[in-house]
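Engineer: Sharing a model that was predicted from the sequence below.
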Amino acid sequence: MRERVEEAIEKIRPALQADGGDIRLVDVKDNVVTVELQGACRGCPMSQMTLRMGVERAVKQMVPEVERVEALGVPNIPGMFEPEEEPAEK
């Protein structure tokens, strides 16, 4: 599985590098991928969006058994990019 995750990261790396950033695979354990965003991506206010909408989406597309992607130093905000649940009827 690690090799497939590395392949997915290699496919998105040019987009990150074009903006002055980069990414490093840290670990793959229990279907959770840990990465480190580097360069301009490290301190970017949009790093959470880059992680969820770019990195995680690409990795899950190529490696469906991955449950989530976490980045060192990037806060995990649960539900940030997940659809809101419909309110229960009273």
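Structural biologist: Cool, the structure landed.

Engineer: Name the single longest helix found in this protein.
Structural biologist: The helix spanning the most residues in the chain, taking DSSP state H as the definition, is helix 2-18.

Engineer: Would you mind listing the buried residues in stretch 15-22?
Structural biologist: By neighbour count with 16 or more other CB atoms under 10 Å, stretch 15-22 contains the buried residues Leu16, Gly21, Asp22. In short, each C-beta sits where N, CA and C put it, glycine included.

Engineer: same deal with stretch 54-72?
Structural biologist: Neighbour count says stretch 54-72 has Gly54, Val55, Glu56, Ala58, Val59, Lys60, Val63, Val66, Val69, Ala71 buried, by 16+ other CB under 10 Å.

Engineer: Out of those, list just those in strands.
Structural biologist: Under the assignment DSSP state E, the buried residues of stretch 54-72 contribute Val69, Ala71 to strands.

Engineer: what packs against the helix or strand bottoming out on mean pLDDT in the chain?
Structural biologist: Least confident helix or strand of the chain, by mean pLDDT, DSSP states H and E, is helix 47-49 with a mean of 82. Packing partners of helix 47-49 (3 or more CB pairs under 8 Å, 6 or more residues apart in numbering; DSSP states H and E): none among the helices and strands.
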